[in-house]
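A.B. asks: give me a 3D structure for the following:
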Amino acid sequence: MASPLTLVNSPNASRPQLGAGLPYSHAVLASGLAFLTGQIGLPADASTVVAGGIRAETLATLANIKAILTECGSSLDRVVRCEVFLIDLQGDFDGFNEAWKEVFGDHKPARAVMEIRKLGMGARIEIVCTAHVG
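C.D. replies: The predicted structure is shown next:
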């Protein structure tokens, strides 16, 4: 028998998908894991990405991820893997990494970082992650 899927949305994370009617959830829970939709540095109460450069955007992105993980019954220290998309890998990597270390501390989930040409809403970073729940 297939395990049930649970769709999760957090009121404390960015919600552009609800206004636009896009067909996805903040996360899907399955088999003890939370699979999060990609997040950008768009605060829950804002309509634009935070200003202040890659460090500020990374911190806002991770705040969204933390809010969604909390809604899932998980936390940042249970993240097992992240995929990070940067529009300027060379220019933004150090600032991104500083913010990452500030938030994750000694926890070091598996991670892939790649450069892409463009992200929605003018974002410089998007992070997708998977975390253990339970």
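A.B. asks: select the longest helix from the chain.
C.D. replies: helix 54-72 (DSSP state H).
A.B. asks: mind listing the strands the helix or strand that that one is followed by pairs with, and their directions?
C.D. replies: Downstream of helix 54-72, the first helix or strand assigned by DSSP states H and E is strand 79-86. Strand pairing for strand 79-86, using DSSP bridges, gives strand 110-115 (parallel), strand 125-132 (antiparallel).
A.B. asks: reformat the ones you listed as TSV; add distance to G38.
C.D. replies: Backbone N, C-alpha and C define where each C-beta goes, glycine included. Output for those, formatted as TSV (distance: least, Cβ to Cβ, whole Å):
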stretch	distance to G38
strand 110-115	12
strand 125-132	4
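A.B. asks: against which helices or strands is the longest helix of the chain packed?
C.D. replies: strand 6-8, strand 27-30, strand 33-36, strand 79-86, helix 89-104, strand 125-132 (3 or more Cβ pairs under 8 Å, 6 or more residues apart in numbering; DSSP states H and E).
A.B. asks: figure out which of the ones you listed is closest to A110.
C.D. replies: Closest to A110 of the helices and strands packed on helix 54-72, according to Cβ to Cβ: strand 79-86, at 4.3 Å.
A.B. asks: just to revisit the earlier point, including distance to G41, mean pLDDT and mean neighbour count, could the strands paired with strand 79-86 go into a markdown table?
C.D. replies: Below are the strands paired with strand 79-86 laid out as a markdown table (distance: least, Cβ to Cβ, whole Å; pLDDT from 0 to 100; neighbours: other Cβ atoms under 10 Å):
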| stretch | distance to G41 | mean pLDDT | mean neighbour count |
| --- | --- | --- | --- |
| strand 110-115 | 16 | 98 | 12 |
| strand 125-132 | 7 | 98 | 21 |
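A.B. asks: which one of these lies nearest to V84?
C.D. replies: Counting by Cβ to Cβ, V84 lies closest to strand 110-115 out of the strands paired with strand 79-86; the figure is 4.4 Å.
A.B. asks: which residues sit against the closest one?
C.D. replies: Contact with strand 110-115 is made by 80-89, 93, 96, as judged by Cβ atoms under 8 Å, 6 or more residues apart in numbering.
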